[in-house]
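*Asks:* need a structure here:
(4 chains)
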2 protein chains.
Amino acid sequence: MFAYADFVGQVAREMAGELYGTMPGETNGEYHDALRPAKNGSAHAPTVPATLTPHTTSRETGSGGTQRGKSMASIQSIARYTGLSPATVSRYLNGHPYVSKEAQYAIELAIRELDYRPNASARSLRSGKTSRVAIVVFDASHPFCSGLIGGAGKAALQHGYDLLVQQAGAPGWQPERSVELAATRAVDGIIMASGSGLSRRHERELAALPVVTCDLDPSQSKLPGVYIDHYRSVLDGLEHLRERGARRIACVYVSGDQLASSSTRRQEAYRAFAGQYPSIEVIPVETENDLIEDGYTLLERLMQLPEPPDAVFTGSDDLAAGCLLAAQARGISVPEELRILGFDDGPVAEVLGISTIRQPVGRLGARAFQELYACISRGHTHESTDASTRSGRGTTGSARGSTAGSTLSSRGNAAAAGGGTAGSGSRIRVRYHLIARATT
Amino acid sequence: MFAYADFVGQVAREMAGELYGTMPGETNGEYHDALRPAKNGSAHAPTVPATLTPHTTSRETGSGGTQRGKSMASIQSIARYTGLSPATVSRYLNGHPYVSKEAQYAIELAIRELDYRPNASARSLRSGKTSRVAIVVFDASHPFCSGLIGGAGKAALQHGYDLLVQQAGAPGWQPERSVELAATRAVDGIIMASGSGLSRRHERELAALPVVTCDLDPSQSKLPGVYIDHYRSVLDGLEHLRERGARRIACVYVSGDQLASSSTRRQEAYRAFAGQYPSIEVIPVETENDLIEDGYTLLERLMQLPEPPDAVFTGSDDLAAGCLLAAQARGISVPEELRILGFDDGPVAEVLGISTIRQPVGRLGARAFQELYACISRGHTHESTDASTRSGRGTTGSARGSTAGSTLSSRGNAAAAGGGTAGSGSRIRVRYHLIARATT
DNA sequence: CTGTTAGCGCATTCAG
DNA sequence: CTGAATGCGCTAACAG
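*Replies:* Residues are numbered from 1 along each chain as shown, chains lettered A, B, ... in the order given. Purely as a prediction, here's the structure:
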């Protein structure tokens, strides 16, 4: 098969955050700072002995401001250059009417000549907006998170926004950082896609800011959020297994809910399912992480049980893959003896032929941004216009064929209207797909 | 097997950027734009008849500034609150000495009371720095890119920096956006990890800014950059195949080099290898994309050839996976009849047991940031102190056992000293690993 | 159509 | 130890 031990080692190391450090034994020649050329300023480097103050061209360099020598052209510069006033230039820049043709030409020329660029900070300071939002995920390199980032980023772009990424799982990160980001107006709003380390206090602080949670358990906080209905997707998945004859189903949940996913909701679904089908045994199983290796050991643990399960609801493709590999290694036939269901429909599930539940991750991220954008445009922070009429529009079971619809719910500022017909309400629905594959 | 057609459809759709849009048929209650408050400007959109100027609440809301009602506490506010001067407060905030105990307490209280937060834009405006850098990738949700983002983000965090992400592959993105980001001082620097659409002009503009390329072909631009030595890794990979008896090797390259990877370097390596071993036939193969589906069709194409290859150097795990699946579908025995080598060592290669070449993607991103950081700290932009003495420190072949070392090179501002011993030079080395697995 | 004035929030002189 | 003054770059009110 494959070098499993080695693999485990690698993953463990990478997850431990060592992946970007300097490995011992690698020839690591850092830069010499010595031969730094003095390209600074208008040919007078500040590195001068300092006994004689280089006399900074008297004024102009003034007190604070841009210390990068080039002394970036300002709106003033081009005002002087053209003989116009800063106001006129500003007007031109912002596309205001009432700027004479001559002025326009002159300004355009000056801009090109002086290589002028408006200063973003100054603009933000004046306008109070940054055209920038942040998304907080646990680990940007995790497929789920990166999907979120991708989707949110694309949506942001369409509105002229940029996306800042913070990783709650990175060494040194603290919840403070995210709160401050918005509080200090470094961004216009935040998409919280990681519940990691979110204390009550932080949440309270966040509530005062434009924030939207993303795939966080909605019952955990009062913040508006976009999320997939894990409860129903789990029920559908279990139903899928049941229909195919499973009677002892191992139901996995991740202990540390570091990653953005509502494991509590899942567990509720497990319980609900167990209640609904007393004849089926639901075996809750805990795992610390959801990587392939974890799945591997997980299955070995399961097989130690006096009465091993005949199905595993893993809640993750990687776990499922690990389970499958372990099963194959043990000579357990899948799916005859053991059914395995994944989650997310990543490449791994694809190539291994694992049945799984596909989530519209990219769209989830995009919706999150859109909600946030609405929030921001409205000038609100979150304003509890809470009327979550959790509509239970049928369709709960019946994983008929290979796909079943579910909802992606959005609980936002606008009043939530439960109804079934389209339009008017803050609920947005997309479909997830339960994909049945031959292997598992 | 698995529902391949369906899969292909999905991937195709997602790559087309539709992944975050609204699917037809889903109940999608978009927001009504009707109730959007007229928060534009100070309430007079330029589209207005302009006869009467709406006259905004006289002072306090004044001219520009924060339009969010709460009227954020400023340093002034707490100066007034405490009876101190703004200067003292500022001193306190920046940890200056010479602030009396009493003042401190008073200020701390006021801060808590007024819920004060320093304004990031104002700070940036003054200081000229943002503590923020941008990374430009083609698609954040691609494993390679997300690895870069993850690594860069973590490294950034350690220096108190935040990371902004732009996706060059997103609909609507233009190279302008990236340039402007740095030019307008919205960020302190840029990590360019996507060569997509980079014209000469843009590159020239970038050259004047703190920028570091990441995994872009170093021969393509004069910008400083961090990159993996694809040339040598390819040679090692081919050597690996040769040692195992391959004599007709299909060498894949991606036509559009949209993703951050130097396909030209690879092709050079292909040629070099072909020159070195005249008895081995190197068959260059082009593919538009590097997804599993592409690998699948790729192999089918290869098998149409009069003389099919006995090995494939795919340059991508996904491609390799596709090849493997296609081969299995055709009843071709792997590795006996056909050897397949992947690249990156992602989960897919892992579970399928595909031999592959692991790249330290996270570390690559991290190094890129570190280079950029050095750049920024030094106050430089890039200054071509170019002396790339490409050292060829042995170790080229000999994929002995299962791993072989290679270099991750960094070409920066400081002069590059080729030498073998540690230190002194701009070269940074880490190891990639060629991982041999049973299946392929 | 244009210039003058003023101030966004902060940090840094320079005098006390 | 502290306060007054100044300006970072930009834009929105006013007058012209």
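
*Asks:* A:Val99: neighbour count?
*Replies:* The local packing count at A:Val99 equals 18, with neighbours defined by other C-beta atoms under 10 Å in any protein chain shown. C-beta here means a position set from N, CA and C on the backbone, and glycine is covered the same way.

*Asks:* quick one: contacts for it?
*Replies:* Remark: with contacts taken as C-beta atoms under 8 Å, 6 or more residues apart in numbering or on different chains, A:Val99 is in contact with A:Thr88, A:Arg91, A:Tyr92, A:Ile107.

*Asks:* Next one: the spatially closest residue to A:Cys375 that is not a sequence neighbour relative to A:Leu198, how far apart?
*Replies:* Closest residue to A:Cys375 in three dimensions, ignoring its sequence neighbours and counting by C-beta to C-beta, 6 or more residues apart in numbering or on different chains: A:Pro210, at 4.6 Å. Distance, A:Pro210 to A:Leu198, by C-beta to C-beta, to the nearest Å: 17 Å.

*Asks:* quick one, which of these two is more surrounded?
*Replies:* Each of A:Pro210 and A:Leu198 had its neighbours counted (other C-beta under 10 Å), and the higher figure belongs to A:Pro210 (27 against 21).

*Asks:* List phi and psi for the residue nearest to A:Cys375.
*Replies:* phi -70, psi 110 (degrees, to the nearest 10).

*Asks:* That one and A:Ile191 touch, don't they?
*Replies:* No - between A:Pro210 and A:Ile191 no contact is recorded; they are 9.9 Å apart, counting by C-beta atoms under 8 Å.

*Asks:* Show me the common contact partners of these two, please.
*Replies:* Residues touching both A:Pro210 and A:Ile191 (C-beta under 8 Å, 6+ apart) are A:Leu372.

*Asks:* tell me the SS of A:Ala272?
*Replies:* Taking DSSP: H, G, I helix; E, B strand; the rest coil as the rule, one finds A:Ala272 in the helix state.

*Asks:* could you list every residue that touches it?
*Replies:* By C-beta under 8 Å, 6+ apart, the residues touching A:Ala272 are A:Tyr231, A:Leu235.

*Asks:* ok, so what distance separates it from chain B?
*Replies:* When distances are taken as C-beta to the nearest C-beta, to the nearest Å, A:Ala272 and chain B turn out to be 24 Å apart.

*Asks:* same question, A:Gly315
*Replies:* When distance is defined by C-beta to the nearest C-beta, A:Gly315 is 16 Å away from chain B.

*Asks:* Can you point out the buried residues in stretch A:113-133?
*Replies:* Of the residues in stretch A:113-133, A:114, A:116-125, A:128-133 count as buried by neighbour count, 16 or more other C-beta atoms under 10 Å in any protein chain shown.

*Asks:* How about stretch A:433-440?
*Replies:* Using 16+ other C-beta under 10 Å as the burial criterion, the residues of stretch A:433-440 that qualify are A:His433, A:Leu434, A:Ile435, A:Ala436, A:Arg437, A:Thr440.

*Asks:* The third one bridge partners, please.
*Replies:* For A:Ile435, the beta-bridge assignment (DSSP bridges) gives partners A:Thr356.

*Asks:* mind checking the end-to-end distance for stretch A:132-147?
*Replies:* Distance between the two ends of stretch A:132-147: 19 Å, counting by C-alpha to C-alpha, to the nearest Å.

*Asks:* Grab the two from the contacts of A:Val99 that are most spread out in space.
*Replies:* Spatial extent of those (C-beta to C-beta) is set by the pair A:Arg91 and A:Ile107 at 9.5 Å.

*Asks:* Look at the two and report which has more neighbours.
*Replies:* Neighbour count, other C-beta under 10 Å: between A:Arg91 and A:Ile107, A:Ile107 has more, with 23 against 17.

*Asks:* Name the helix or strand for the residue nearest to the more buried one when sequence neighbours are not counted, please.
*Replies:* Nearest non-adjacent residue to A:Ile107, counting by C-beta to C-beta, 6+ apart: A:Tyr92, 5.0 Å away. Secondary-structure assignment from DSSP states H and E places A:Tyr92 in helix A:86-93.

*Asks:* is that helix anywhere near DNA strand D?
*Replies:* Yes - using C-beta under 7 Å from any atom of the strand as the criterion, contacts between helix A:86-93 and DNA strand D involve A:Pro86, A:Ala87, A:Val89, A:Ser90, A:Leu93.

*Asks:* Which among these count as buried?
*Replies:* Neighbour counting over the residues of helix A:86-93 next to DNA strand D (16+ other C-beta under 10 Å) leaves A:Val89, A:Leu93 as the buried ones.

*Asks:* Next up, the contacts around the nearest residue to A:Phe273 once chain neighbours are set aside.
*Replies:* Once its chain neighbours are removed from consideration, A:Phe273 has its nearest residue in A:Leu238; the separation is 4.6 Å (C-beta to C-beta, 6+ apart). With C-beta under 8 Å, 6+ apart as the criterion, the residues that contact A:Leu238 are A:Ile249, A:Cys251, A:Ala269, A:Tyr270, A:Phe273, A:Phe313.

*Asks:* measure A:Leu238 to chain B for me?
*Replies:* Here A:Leu238 is placed at a distance of 21 Å from chain B (C-beta to the nearest C-beta).

*Asks:* Validate this expectation: that residue resides in a helix.
*Replies:* Yes - A:Leu238 sits within a helix when classified using three-state DSSP.

*Asks:* rewinding a little: helix or strand next in line after the helix holding A:Tyr92, which one?
*Replies:* Next along the chain after helix A:86-93, with elements defined by DSSP H and E, is helix A:101-114.

*Asks:* Which residues does that following helix contact?
*Replies:* Surrounding helix A:101-114, the residues in contact under the criterion C-beta under 8 Å, 6+ apart are A:Ala73, A:Ser77, A:Ile78, A:Tyr81, A:Thr82, A:Gly83, A:Leu84, A:Thr88, A:Val89, A:Tyr92, A:Val99, A:Tyr116.

*Asks:* Same question for stretch A:78-92.
*Replies:* Everything outside stretch A:78-92 that qualifies as a contact, by C-beta under 8 Å, 6+ apart, is A:75-76, A:98-99, A:103-104, A:106-107, A:109-111, A:113-114, A:116.
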